[in-house]
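1. model this:
(chains A and B)
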Amino acid sequence: ETGVTQSPTHLIKTRGQQVTLRCSSQSGHNTVSWYQQALGQGPQFIFQYYREEENGRGNFPPRFSGLQFPNYSSELNVNALELDDSALYLCASSSGGAGFQETQYFGPGTRLLVL
Amino acid sequence: AQKVTQAQTEISVVEKEDVTLDCVYETRDTTYYLFWYKQPPSGELVFLIRRNSFDEQNEISGRYSWNFQKSTSSFNFTITASQVVDSAVYFCALKKVNTGFQKLVFGTGTRLLVSP
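-> Got it, this is the predicted structure:
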């Protein structure tokens, strides 16, 4: 076990709704990254939070947003849900600094289904 | 641009067989990291190994071994004497060094099925 937890485990929403996913990082880790994994695909980088600020983003629209809290836990928010947002959302934590070269450790993910 | 190719979509073996999972990557960077992760049906990505591009030594960890060949941009993973518990999807991933953020570029994964 990595010590990275995510909630909820599963979620069903309808198109147009908004969703919030949560992640608690491993003890001692101050960096959280979020990935989207569509069925049969590899994970795609959404963004990273370090010291409560977004400091890196992949090719995702602004309706994907996030937060990081002082305890380094994080939220991923998705507005105006689309059918293609159905995926496994993975959170990864690591220790920042030194060019962010440390290994990322992943949580169990949240499976989101958009109907 | 960075890219990781795992051409083997699915591999089926019988327990105790050896199996090699292929990974080919593309990058213009001279320094980078390569990773292998295992994803069991539960969904969690389990870290297996990280390799720095400067370190081309092969590595062995129990039944697992990794062959890094910079000349062919490959980072292959071999499981010796496979077991049913090895059944999972395996991902190879690539990361730039010193980008200011942690972005892993993953391949599409190889599903390994080990039958008794």
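2. worst-scoring helix or strand of chain B, pLDDT-wise?
-> Ranked by mean pLDDT, DSSP states H and E, the weakest helix or strand in chain B is strand B:59-61, scoring a mean of 85.
3. interface residues of chain A facing chain B?
-> Counting by Cβ under 8 Å from any Cβ of the partner chain, the residues of chain A close to chain B are A:2, A:31, A:33, A:35, A:40-45, A:48, A:50, A:55-56, A:58, A:88, A:90, A:92, A:94, A:99-109, A:111. C-betas here are computed from N, CA, C, even on glycine.
4. these, buried ones only, as a PyMOL selection?
-> A single PyMOL command suffices to select whichever of these are buried according to 16 or more other Cβ atoms under 10 Å in any protein chain shown:
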select buried, chain A and resi 2+31+33+35+42+43+44+45+48+50+56+58+88+90+92+94+100+101+102+104+105+106+107+108+109+111
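5. now, which of the residues of chain A next to chain B lie within strands?
-> A:31, A:33, A:35, A:44-45, A:48, A:50, A:55-56, A:88, A:90, A:92, A:94, A:105-106, A:111 (DSSP state E).
6. A:Gly42 contacts B:Leu94, correct?
-> No. Between A:Gly42 and B:Leu94 there is no contact under Cβ atoms under 8 Å: 10.8 Å.
7. quick check: neighbours shared by the two?
-> B:Val4 (Cβ atoms under 8 Å, 6 or more residues apart in numbering or on different chains).
8. burial count for the residue in chain B positioned nearest to chain A?
-> Scanning chain B for proximity to chain A using Cβ to the nearest Cβ identifies B:Phe101 as nearest, at 2.7 Å. Other residues near B:Phe101 come to 21 when the count uses other Cβ atoms under 10 Å in any protein chain shown.
9. next one: B:Gln102
-> 25.
10. mind checking the SS state of it?
-> coil (DSSP: H, G, I helix; E, B strand; the rest coil).
11. tell me which residues in the helix or strand encompassing B:Val4 are buried?
-> B:Val4 is located in strand B:3-5, with elements delineated by DSSP states H and E. Buried residues in strand B:3-5, counted by 16+ other Cβ under 10 Å: B:Val4.
12. now do that strand: which elements does it pack against?
-> Identification of packing neighbours for strand B:3-5 by 3 or more Cβ pairs under 8 Å, 6 or more residues apart in numbering or on different chains; DSSP states H and E yields strand B:24-26, strand B:88-96, strand B:105-106.
13. what residues are up against the residue of chain A found nearest chain B?
-> Proximity of chain A to chain B (Cβ to the nearest Cβ) peaks at A:Gly56, 2.7 Å away. Neighbour list for A:Gly56: A:Ser33, A:Phe45, A:Phe47, A:Gln48, B:Thr99, B:Gly100, B:Phe101, B:Gln102, B:Lys103 [criterion: Cβ under 8 Å, 6+ apart].
14. mind doing that once more with 7 Å?
-> For A:Gly56, the contact set (Cβ atoms under 7 Å, 6 or more residues apart in numbering or on different chains) comprises A:Phe47, A:Gln48, B:Gly100, B:Phe101, B:Lys103.
15. spell out whether the helix or strand harbouring B:Val114 and chain A are in contact.
-> Element membership for B:Val114 (DSSP H and E) is strand B:110-115. No. Under the criterion of Cβ under 7 Å from any Cβ of the partner chain, chain A is not reached by strand B:110-115; the shortest gap measures 9.2 Å.
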